[in-house]
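Visitor: Got a predicted model here, sequence first, then my questions.
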Amino acid sequence: LGQRLRSEPERPHSKVGLVLIDERDVQLYGPWPFSRAVYAKLVDKLMAGKAAGVGFDVLLLDPSKDRPEGDDKLVAAVERNVANVVFPFEFEKRRELDGTASVIEKTVVIGPFSKLFDVLALTGYVNIPLGKTNPDGVLRRTFLRQNLDDKTHPSFALALAEIGGATPEDFPADEVNTIYFRRGEAFSSLHLRDLLDGAGIGPLANKVVLVGAKAEALMDVKITPVGPMPGVELNANLVASILDGQWIRVLPSHKVAILVILIGLFILVCAFFLPPFIAIVICVVTTIVWILLSVLAMKWGALSLPVIAPLLAATGSSTAILLARARAAAAAAAARAEEEIVPAEQYLEEAIALKEEKEYEEALVMIQHAETSPKKLEGDDVYRLATLRSEILARLGESRLLEMSMPATEGSPLELLYQLAIVL
């Protein structure tokens, strides 16, 4: 992301240039693959124009069957400029039978064709590893030297950089390097037709020049962090990084661990001691600030800061504490609600007191509360409640019968007797 956001224009690299082969060149000098005589003419043209060196990002595996004279012209051109021309080879894994009829896997070197290979002073492999080195298929990291059969082989980019003054031994074998990608137009470039039609090499003078395909039909496109890129431009970035000593720096794992712990502890403390809303705001702000710092570190310092691990630590620790606090608050609320519940025994005692005061209606309400209270009655209290309900209902029934027989005239002897009956 940081490499993508570096938007300011970049001057063409002072030591590396490109000769690009596009669809128009294929139409003019094709069909593809070209006669090797085209490459021979290009070698002579570039070296006559004072290019520092030339590397062909093209695999020439077998001798030409229909145009063998082109092979001879290319070999002769390389011999004339042997210290300044690089052609690549490839590592290839093959399965073979050994003497015991067992299948074994061997890594072999293929290309260039034997006549050319015999005269080359400089060559290197173009393989860029995937697997553990680039597990997502995006080419970020590579080796500049690899050991194979007790021999150390340089990469194609390192062999070219040697022409520009690099020392291969400065790069340990099998050490992973993270590529610093320059933006488009970072390298001076001409098309193949520009040079073969008689134009001078112009901006490519005194530079290490890489020749390769840009035409999409030739299928030499690599996936990089800054988007799809022709293989020749990827190798140009590698050569430039070697000559400039500019790579993406990656924090060691122990520093990443310390960073993750510190960020996690900071968010943990905030989530534990601050109100939840403020803690969430701090977590979000920390996340945004860290992402911005990571982008700026890549943009201005070519430093790759980890993003996922610190953010997981921040969100994980804050989420855990906030959930714990929410559970504790819910438990406290439940405890308070439990304390506020009136036990059924209290309602029962109040009902008994109201019955003694002959407040039968109110006593019946207390009985209903006792029956619906979450804190239920147990043992003998259940029997007492049922008996009390029966007694109160019976008294209420007697009262209503007396009311129905109560005389209409107030103050009469019958009314007095009625009042006396209620009292008794």
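Guide: Received, thanks. Numbers count the residues shown, from 1 in each chain.

Visitor: where in the protein is pLDDT low?
Guide: 1-10, 97-103, 183-184, 317, 338-340, 398-424 (pLDDT under 70).

Visitor: Which stretches in it count as helices?
Guide: Here the chain has its helices, by DSSP state H, at 23-29, 36-48, 68-80, 114-119, 156-163, 192-196, 231-244, 253-273, 276-301, 308-340, 344-356, 360-372, 380-404, 413-423.

Visitor: deepest of those helices, which one?
Guide: Highest mean neighbour count of these: helix 156-163, a mean of 27 (counted as mean count of other Cβ atoms under 10 Å). For the C-beta atoms, the positions are set from N, CA and C on the backbone; glycine is no exception.

Visitor: Remind me what that one packs against, helices and strands.
Guide: Under the contact criterion of 3 or more Cβ pairs under 8 Å, 6 or more residues apart in numbering; DSSP states H and E, helix 156-163 touches strand 53-56, strand 85-97, strand 122-125, strand 208-213, helix 231-244.

Visitor: Out of those, which is closest to V138?
Guide: Checking the helices and strands packed on helix 156-163 against V138 by Cβ to Cβ gives helix 231-244 as the closest, at 11.7 Å.

Visitor: Can you tell me which helices and strands that closest one packs against?
Guide: Helices and strands touching helix 231-244, as assessed by 3+ Cβ pairs under 8 Å, 6+ apart, comprise strand 16-21, helix 156-163, strand 208-213, strand 221-224.

Visitor: roughly how far out does it sit from the chain middle?
Guide: In terms of Cα atoms, centre = their mean, to the nearest Å, the centre of helix 231-244 is set 25 Å apart from its chain centre.

Visitor: Ok, stretch 112-130 next?
Guide: Remark: stretch 112-130 is offset 36 Å from the chain centroid, using Cα atoms, centre = their mean.

Visitor: Same question for stretch 181-199.
Guide: Here stretch 181-199 is found 35 Å from its chain centre; the criterion is Cα atoms, centre = their mean.

Visitor: Same check on stretch 122-135?
Guide: With Cα atoms, centre = their mean, you get 22 Å for stretch 122-135.

Visitor: Give me the contacts around it.
Guide: Here stretch 122-135 makes contact (Cβ atoms under 8 Å, 6 or more residues apart in numbering) with 57, 59, 83, 85-91, 109, 112, 117, 137, 139-143, 146, 153-160, 162-163, 176, 222, 231, 234-235.

Visitor: Any buried residues in that stretch, and which?
Guide: For stretch 122-135, the neighbour count (16 or more other Cβ atoms under 10 Å) marks L122, T123, G124, Y125, V126, N127, I128, N134 as buried.

Visitor: which of these lies closest to S304?
Guide: N134 (14.1 Å).

Visitor: what's the spacing between the closest one and P306?
Guide: Distance, N134 to P306, by Cβ to Cβ, to the nearest Å: 17 Å.

Visitor: Same check on Q246?
Guide: Distance of Q246 to P306, computed by Cβ to Cβ: 21 Å.

Visitor: Likewise for D174?
Guide: Taken as Cβ to Cβ, the span from D174 to P306 is 24 Å.

Visitor: Pick out whichever of these two has more residues nearby.
Guide: The residue with more neighbours, out of D174 and P306, is P306; 18 against 10, by other Cβ atoms under 10 Å.
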